Structures are given as C-alpha cells and as structure tokens.
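S.K.: Please find the sequence and the predicted model below.
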Amino acid sequence: MGSSKATRFLLLHFFVAFYFMHQFSAAGTGVDAQQTAQLQVNASVGRPIPETLFGIFFEEINHAGAGGLWAELVSNRGFEAGGQNVPSNIDPWSIIGDQSSIIVSTDRSSCFERNKIALRMEVLCDSKGSNLCPSSGVGISNPGFWGMNIEQGKTYKVVLYVRSFGSINVTVSLTSSNGLQTLAAANIIASDVSNWTKAEVLLEAKGTNHNSRLQLTTSNKGVIWFDQVSAMPLDSYKGHGFRSELVEMLENIKPQFIRFPGGCFVEGEWLRNAFRWKESIGPWEERPGHFGDVWMYWTDDGIGYFEFLQLAEDIGARPVWVFNNGISHQDQVDTSSILPFVQEALDGIEFARGASDSTWGSVRAAMGHPEPFDLKYVAVGNEDCGKKNYRGMHTLVNHGEGNYLKFYDAIKRAYPDIKIISNCDGSSSPLDHPADYYDYHVYTSANDMFARAHKFDRTSRNGPKAFVSEYAVTGKDAGTGSLLAALAEAGFLIGLEKNSDIVEMASYAPLFVNSNDRRWNPDAIVFNSAQQYGTPSYWVQQFFRESSGATLLSSTLQTNSSSLIASAVKWKNAADGNSYIKIKIVNFGSSKVNLKVVVDGLGLNSIQLSGSTKTVLTSANLMDENSFNDPKKVFPAQSLLENADKEMDVVLSPYSVSSFDLATASNDIIRLPEKDSSSRSSF
C-alpha cells in the first residue's frame, strides 16, 4: 500500500455510483428485464488450484495492530511516544489531581537502555497533615486506545516498573472513563524500591465497561517513577497476546498465507522511521518502538516480527515477510552501500528459520520458540519498482545492478528454497530480473475491478507467478465498505481463481481498521475496543475459503451478458470427508438471470440433496454497508438447495454473488487437461 494508491483512493467515482444505484432502483420497481444463461460444468476435467491462492495482508495502518489485533490495553506504555527529549508529551496519559497535589514530568532515568524515558510523579499531598490527598488519591490514568474494554469476570494482568526513595502504596485499578466506577483494584505495597522493580498484579473485573481506563494512584507524599506499564487480558488468542475475536474472524476465512507487516509501514516516509525487525524482538520492555510516519502514529512494536511469525503459525497460514530494501518514500540507500541491509534481511531469515543454537535462531529460542518457523516467502520491499535504486539504471549502454539483485543473489545463495517476490509487475511484459513471484496491486473503481477479472487471461504462463498482494475497490464506489465494492471484488477473484495456473497468491487490503482512526477506506474488518464486524468485502472472502488447494473444474458460461462471471471448483471437507462442487456466480447487472446449470462427467446419483446448499450475498441497495448497529445488513444468506441435481434451474438476483454447493460422491475421477504453455487461460 503506497502513496500512489492513496492518490487513487481519493478519486471520486460519482458517475459509476449514480449509474449503478439508478439501475438497481429501476430493477426493484417493476422493470422485469430477466435474462437467461447456461453454465456447463465438466466435473471430470480440472486442474489443481495452488494451496496458497487466498490469504491475508496485514499492515500496521488504521491502528490495526496497536490497539487492535494486539491485545495490549495501554497506549504509550513506555512513555516514549513523545520522543527522546525531555520534558515530553505523555499523551494519552492524564493526571489525576491538581497542581497543588501532584506534578508529573518525564526524565531519562529508565533502566531500559533502548527506551530511557520514564515518568516522574511527585506527590505533594499526603494521607495526613494539612495538605490531605483526595480520598481516591492522586496519580495518572491511561484510556488505552479510545477506551479499554473491560468485561465482568475476565482477568487482566498489569505489569509495571516502579522506583522510589521511600516506601510506596500504589493502587492499580481499572475504572470507568471518569474514574467514578471501579471495576477492579489491587495495591502494590513495598518498603524498598530504590532500584527499578518489576511489579505484577492480576485484576478480575467485577463489572463491565467498554470505555474504561487504567489508574495508578496513591495518597502518600513522595516521588515515584513509573515505566513500561502494560495491561493485557489473560484470555488472548492461544495465550500469545492477540485479541481473540479478531483472530477468529481471520480463521473464518481460512487464509493460506499472511503477508506482513506492510505495506508502506515497511518503507517509511523516511528510512529513519521504517519498520526494522531487530527493534521489534526480544522482551517487550526493551523494544524502543517507533513512529510510523506514513500513517502518522506511534507503535510500541509489541506486535513485532516474532509475533507475526507466531500468528501465522497459530492460524495455519504461511508467513510472507516484507522487508525494507534500503528504500523509503523519500530517501534510499545507494546500491554500493546496501550490503548492511542485505545482511539484516539474512539475519531476519535466520531468526525465523535458524537452528536454536545459531546466532539469531538462539534469540528466537530465548523468546520461547526453539523450533524454526516455516518461512518460505519473502518480498524485497513494497511498491519500490519505480524507485531509482531498486532495479538500478537499465539503459541500452548501462545494465547497472540495483538493490533488488543484491538481495536476490544473497538470499538464494543462503536459502535456495525461499521464494522471492519482486515489487515489479510482470503481468503485461516480462521482468528484466529473476524472481519467483511478481507483485500486482490494484485499487480502482467497481467497474474497472470487475473488468479486471480477465486481466490475467492472456498473461504469459512462463516465468514468475503472480502475487496479487493488494486489491480493493476504493473511492465513492466503496464508501466505508459497500455491497457494490464487494461484488466487483468477487468477480475479480473468480477471474483470479480461473487463472490460478499463473496467479498463485491473492490478498485484500487493508485488513483492519479501528473505527476511531480511519486512515484508509474501505477495510475488511472494522473494530473498536469492544466490537467488530466484517464489511461486505470480508464476507466475499467466505465464498473463496475452500478454493485454495481445490480442483478448478472446466466450465463454460453461455450468455450474452458481460455482467456475469462464474467458476466451479471441487473440494473435500477434511472435517467430514465429504466432497463438494462449489459453483460461484457474480451477477453484476441490474436484472434477474434465469440460469440453467448442467454438470457433466459425474456418475449416477453423484449429487446428493442432503448437504447441498445455496449461499447468496446481496442487499436492497448497492451502497449498503454493515455497521456496529447492523453488523450483518449485508451478509451471506445460506439455505438448502432443494433442487440440487446435475441439471438445475436457478435464479440469480440482481447485483449478487451466489454459491451453489453440491454434495457429491467422492469417488469421481477428474482428468487433468494437457499442459498449455500459451498465454491464454483454458478455464
């Protein structure tokens, strides 16, 4: 995701949106211009779809990780977000008490060398004498990321580092945003904390409040220093620190890979602010964090390189690591000076894959994962193909070597099995450099996205495979997640599925958005501290979750409409051993379509009524969206397919994506077609 895409995101597609809404309105007011079509499926001829076809792309954008997927509740937990100079801004921390009772500042006294800023709290009032503290004490509070979601019965672990020259009695509490409702509290009492001391408390919530805060308060006069204050729910996903309900939404679409951690986040507007993996590993207290200057917010890098690898393993997805290749939006490293960056990438691969006694593999093992992670895909940068130093100066007389080739050669020498992804697009013309995959990004209008279903029909089948790592309908057509956008994307994905002999990986972007920090529209999953929902684009992913590793069947759609696109796959449900033929059809037009489906190449009684279903995604208006108040306004509706058979007549609603899942006997033989080296897809 890059600045060029952001420009396209801002373009307004008034005409397209008006046209489609007008047509849809006409279809719903009595205009009955029904069409007919026929889909012929040959269930005995097919080819395997890559196991990697559909996955997800995570970028730290929209507070997707910090305050989202990563379950840390405290924002600016190390007080570093205000910078390394003191005094500094402690936002979003607030002071509890007035200037006669408390003075709060920052200094460089922390015990952590890579993040020296600590908070100094001087309490002027006392529990006795003439200057009494308020009954509830004075101190500091943190609202988290637009409010902490605290739920009754759940337990939260608070960790902090504290220092004082005297004894302390600090109350750690979870309260309502105004401090009047106490949900959980515990006291840290110590007589000797003259050296930095780690303190931990477990807080069990006695009530629920979706807009809570963490408080550290006292009524004792003196000076107390705090640093690295963390609060995490104990029920994170698999105990690994991820917000369970958000990970479960990822699991529901069965992603076969996860590309991380960006995007522009990897590049940085300037290299000094680019994501650097070595700064994001090790004990969380020692991670310096950094300011993401593309999306303009601070992250403490609690969700770092190790955590991304762990997440991929936890959800059974292949990790696809995007690393910086010495190029940002505004500056870049000359190829003559790139070797330290190359070594950093090699070290990152060793961290993921190296033996537990290797230099960087031992660091991974010390973090609790002695066995290597299954890292087999890396991307050399993000959207950098047009930058001067990426490919070098290629002219008739100068074939200069750029940064990319330095990375490619070094990685292939050390790890010949790793698949390397180039930022350059090879869909229209061959690359001028070696690669296993080329990256293809598209953010566009709904009409154009639907038309791009045929983008790869005539792409050469020779050379690298395609990785469509970022795609989405944007602009007016998309709103903050419309049905119109989802339908166009569904058509595009059917096109990718039918061209999966050349397209091996595809992922929507962006994945997450905190509704309080929309840096990009639309997104697949919307959340706040307590709620989440999928946009129509998310629910479209459900139609393709069985495609990876399935068999693409030969199919022919007979129609005079350019608004229909269809595919058919056969897949086996590992849970029950049953086999299914899934027929997907997008009707991108304003008229109903009477469709005759004919499935050839099956034995007698191969299709079974029991287990056969129909799923439809549509809505009353093309621009309908989901919301926290109506999270399933646009939602796949599933029903029994009562006329399931080798020949059946079905009706396709206007502006809809439909899936017909036919339960079949599992012993049918599928014949693979002869290899076709031409540039045309045969399916």
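M.R.: Thanks, I have it.
S.K.: pull the helix or strand with minimum mean pLDDT from this structure.
M.R.: Every helix and strand in the chain was compared by mean pLDDT, DSSP states H and E; the lowest is helix 14-27, with a mean of 40.
S.K.: pLDDT on the strand ranked longest in the chain, on average?
M.R.: As assigned by DSSP state E, the longest strand anywhere in the chain is strand 35-48. On average, the pLDDT along strand 35-48 is 96.
S.K.: elements contacting it?
M.R.: strand 551-558, strand 564-572, strand 579-587, strand 593-600 (3 or more C-beta pairs under 8 Å, 6 or more residues apart in numbering; DSSP states H and E). Just so you know, the C-beta spots here come from the backbone N, C-alpha and C atoms, and that holds for glycine as well.
S.K.: Low-confidence regions, the stretch 551-683 of the chain specifically.
M.R.: 666-682 (pLDDT under 70).
S.K.: what residue ranges in this structure are flagged as low confidence?
M.R.: Using pLDDT under 70, the flagged stretches of the chain are 2-33, 393-400, 666-682.
S.K.: Let's see that with 50 instead.
M.R.: Residues of the chain meeting the criterion pLDDT under 50: 3-32, 395-398.
S.K.: can you map out the helices along it?
M.R.: Here the chain has its helices, by DSSP state H, at 3-10, 14-27, 244-251, 264-267, 305-314, 339-353, 361-366, 388-391, 403-414, 446-451, 483-498, 536-542.
S.K.: From Leu202, how far off is the residue nearest to Lys198 when sequence neighbours are not counted?
M.R.: Spatial nearest neighbour of Lys198, chain neighbours left out: Tyr161 (5.6 Å); criterion: C-beta to C-beta, 6 or more residues apart in numbering. Distance, Tyr161 to Leu202, using C-beta to C-beta, to the nearest Å: 17 Å.
S.K.: For the two, work out which one has more neighbours and name it.
M.R.: Ranked by neighbour count (other C-beta atoms under 10 Å), Tyr161 and Leu202 place Tyr161 first, with 21 against 11.
S.K.: Identify the bridge partners of the more buried one.
M.R.: As for beta bridges, Tyr161 partners with Lys198, Asp227 under DSSP bridges.
S.K.: you'd agree it is up against Asn195?
M.R.: No. Using C-beta atoms under 8 Å as the test, Tyr161 is too far from Asn195 to be in contact (10.2 Å).
S.K.: Identify the contacts common to those two.
M.R.: Both Tyr161 and Asn195 are contacted by Cys111, under the criterion C-beta atoms under 8 Å, 6 or more residues apart in numbering.
S.K.: Out of the helices and strands packed on strand 35-48, the one nearest Glu286 is which?
M.R.: Minimum separation from Glu286 across the helices and strands packed on strand 35-48 (C-beta to C-beta) falls at strand 564-572, 45.9 Å.
S.K.: I'd like to check the angle between that closest one and strand 551-558, please.
M.R.: Between the axes of strand 564-572 and strand 551-558, defined by axes from the mean of the first three to the mean of the last three C-alpha atoms, to 10 degrees, the angle is 150 degrees.
S.K.: Tell me what angle strand 564-572 forms with strand 35-48.
M.R.: Using the same axes, to 10 degrees: strand 564-572 against strand 35-48 is 40 degrees.
S.K.: Could you list every helix and strand that strand 564-572 packs against?
M.R.: strand 35-48, helix 483-498, strand 551-558, strand 579-587.
S.K.: export the second one as PDB, just CAs?
M.R.: Presented in PDB, the C-alpha positions along helix 483-498 are these (Å, rounded to 0.1, in the frame of the first residue of the first chain):
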ATOM      1  CA  LEU A 483     -22.000  -4.100  -1.500                       C
ATOM      2  CA  LEU A 484     -21.000  -2.600  -4.800                       C
ATOM      3  CA  ALA A 485     -17.300  -2.900  -4.000                       C
ATOM      4  CA  ALA A 486     -17.700  -6.400  -2.700                       C
ATOM      5  CA  LEU A 487     -19.500  -7.600  -5.900                       C
ATOM      6  CA  ALA A 488     -16.800  -6.200  -8.100                       C
ATOM      7  CA  GLU A 489     -14.100  -7.800  -6.000                       C
ATOM      8  CA  ALA A 490     -15.900 -11.100  -6.100                       C
ATOM      9  CA  GLY A 491     -15.900 -11.000  -9.900                       C
ATOM     10  CA  PHE A 492     -12.200 -10.200  -9.800                       C
ATOM     11  CA  LEU A 493     -11.500 -13.100  -7.500                       C
ATOM     12  CA  ILE A 494     -13.300 -15.500  -9.800                       C
ATOM     13  CA  GLY A 495     -11.000 -14.300 -12.500                       C
ATOM     14  CA  LEU A 496      -8.000 -15.000 -10.300                       C
ATOM     15  CA  GLU A 497      -9.300 -18.400  -9.500                       C
ATOM     16  CA  LYS A 498      -9.800 -19.300 -13.100                       C
END
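S.K.: angle of it against strand 564-572?
M.R.: Going by the same axes, to 10 degrees, helix 483-498 makes 60 degrees with strand 564-572.
S.K.: Packing partners of helix 483-498?
M.R.: By 3+ C-beta pairs under 8 Å, 6+ apart, helix 483-498 packs against helix 446-451, strand 465-473, strand 503-508, helix 536-542, strand 564-572, strand 579-587, strand 607-617, strand 656-664.
S.K.: tell me the contacts of Ser362?
M.R.: Ser362 sits in contact with Ser356, where contact means C-beta under 8 Å, 6+ apart.
S.K.: now do Cys111
M.R.: With C-beta under 8 Å, 6+ apart, Cys111 has these contacts: Tyr161, Asn195, Trp196, Asp227.
S.K.: Looking at those, which is nearest Gln332?
M.R.: For the contacts of Cys111, the nearest to Gln332 is Asp227 (35.8 Å; C-beta to C-beta).
S.K.: dump the residue contacts of that closest one.
M.R.: Asp227 touches Gly78, Phe79, Ser110, Cys111, Phe112, Ile117, Ala118, Leu119, Leu160, Tyr161, Trp196, counting by C-beta under 8 Å, 6+ apart.
S.K.: Name the nearest of these relative to Trp571.
M.R.: Gly78 (47.2 Å).
S.K.: from what I can see that closest one touches Arg114, true?
M.R.: No. Counting by C-beta under 8 Å, Gly78 does not reach Arg114; the two are 9.8 Å apart.
S.K.: of the two, who's got more company?
M.R.: Each of Gly78 and Arg114 has its neighbours counted (other C-beta under 10 Å); Gly78 has more, 28 against 14.
S.K.: What is the burial count for Met367?
M.R.: So Met367, with other C-beta under 10 Å, has 16 neighbours.
S.K.: Provide a list of residues in contact with it.
M.R.: Ile281, Gly282, Phe306.
S.K.: of these, closest to Ser563?
M.R.: Taking the contacts of Met367 together and measuring to Ser563 by C-beta to C-beta, the closest member is Phe306, at 46.9 Å.
S.K.: In contact with that closest one: list those residues for me.
M.R.: If you count contacts by C-beta under 8 Å, 6+ apart, Phe306 has them with Ser280, Ile281, Phe351, Arg364, Met367, His369.
S.K.: what does Glu647 give?
M.R.: Here Glu647 is in contact with Lys596, Val597, Val598, Val599 (C-beta under 8 Å, 6+ apart).
S.K.: Just the buried residues from those, in ChimeraX please.
M.R.: In ChimeraX, this line selects whichever of the contacts of Glu647 come out buried by 16 or more other C-beta atoms under 10 Å:
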select :597,599
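S.K.: wouldn't Gly55 be in contact with Ala509 here?
M.R.: No. Using C-beta under 8 Å, Gly55 is not in contact with Ala509, being 11.3 Å away.
S.K.: What residues does the residue lying closest to Thr559 once chain neighbours are set aside make contact with?
M.R.: Closest residue to Thr559 apart from its sequence neighbours, by C-beta to C-beta, 6+ apart: Ala37 at 3.7 Å. Contacts for Ala37 (C-beta under 8 Å, 6+ apart) come out as Leu557, Gln558, Thr559, Ser561, Leu564, Val593, Asn594, Leu595, Lys596.
S.K.: Isn't the fifth one up against Ser591?
M.R.: The one in question is Leu564. No. The criterion here is C-beta under 8 Å, and Leu564 misses it with Ser591 at 10.5 Å.
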